[in-house]
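A.B. asks: predicted model and sequence below, questions to follow.
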Amino acid sequence: MNLQNRLKEEPEINLTSLIDVVLLLLVFFMVSTSFVRETEIRLRLPEASTAVEQNLVAEVLEIGISQTGNFTVNGRQLVNNERRTLRAAIERLIGEKRDMPVFIRADAQATHQVVVTAMDVAGQLGFVEINIATVTSPDA
């Protein structure tokens, strides 16, 4: 009978496959992450002041939106309420001037999408100062 103590071998853990999986996950998340910002709208909120500004601008672009979503540009009704019609009307009326303020006057019952469309068209044409005009009811 052979009663000699055999030397037990230490178990060896192979980490190669674990490292491969972690690196593949890292590469997957790096590739799938989008670093591109979609179009964004920068808002500058008004600030309250007690002084009355005497800045009266002679030339403004006013885009009106009715309850049904029809556009008016400086009081002129457009043929339809499509984006390209609004863009063409603004380009024809204003020309190359892009430094004037834009006022969007929308009916309270107009859809949000129509207002955003008007803002988007004005932004794509290069207008920087886009205002949403509100009307205070006499009851307030």
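C.D. replies: Perfect, I can see it now.
A.B. asks: who's in contact with the closest residue to Leu61 other than its chain neighbours?
C.D. replies: Excluding the flanking residues, the one nearest Leu61 by C-beta to C-beta, 6 or more residues apart in numbering is Val102, at 4.7 Å. Any C-beta I mention is one placed from the backbone N, CA and C, and that applies to glycine too. By C-beta atoms under 8 Å, 6 or more residues apart in numbering, the residues touching Val102 are 60-63, 122, 127, 129-131.
A.B. asks: repeat that with 10 Å
C.D. replies: 60-63, 90, 94, 118-119, 121-123, 125, 127-133 (C-beta atoms under 10 Å, 6 or more residues apart in numbering).
A.B. asks: and those, which of them are buried?
C.D. replies: Neighbour counting with 16 or more other C-beta atoms under 10 Å marks 61, 63, 90, 94, 118-119, 121-122, 127, 130 as buried within the contacts of Val102.
A.B. asks: among the residues you listed, which ones are in strands?
C.D. replies: Members of these lying in strands (criterion: DSSP state E): 61, 63, 130.
A.B. asks: turn the residues you listed into a markdown table, including distance to Arg98.
C.D. replies: Shown next, in a markdown table, are these (distance: C-beta to C-beta, whole Å):
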| residue | distance to Arg98 |
| --- | --- |
| Leu61 | 10 |
| Ile63 | 15 |
| Ile130 | 12 |
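A.B. asks: tabulate these (a markdown table), appending pLDDT.
C.D. replies: Formatted as a markdown table, those follow (pLDDT from 0 to 100):
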| residue | pLDDT |
| --- | --- |
| Leu61 | 89 |
| Ile63 | 93 |
| Ile130 | 88 |
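A.B. asks: which among these gets closest to Asp107?
C.D. replies: Lowest distance from Asp107 to those (C-beta to C-beta) belongs to Ile63, with 12.2 Å.
A.B. asks: so what touches the longest helix along the chain?
C.D. replies: Of all the segments of type helix in the chain, defined by DSSP state H, the longest one is helix 16-32. Under the contact criterion C-beta under 10 Å, 6+ apart, helix 16-32 has outside partners Leu15.
A.B. asks: any idea how far that helix is from the chain center?
C.D. replies: Relative to its chain's centre, helix 16-32 lies at 33 Å (C-alpha atoms, centre = their mean, to the nearest Å).
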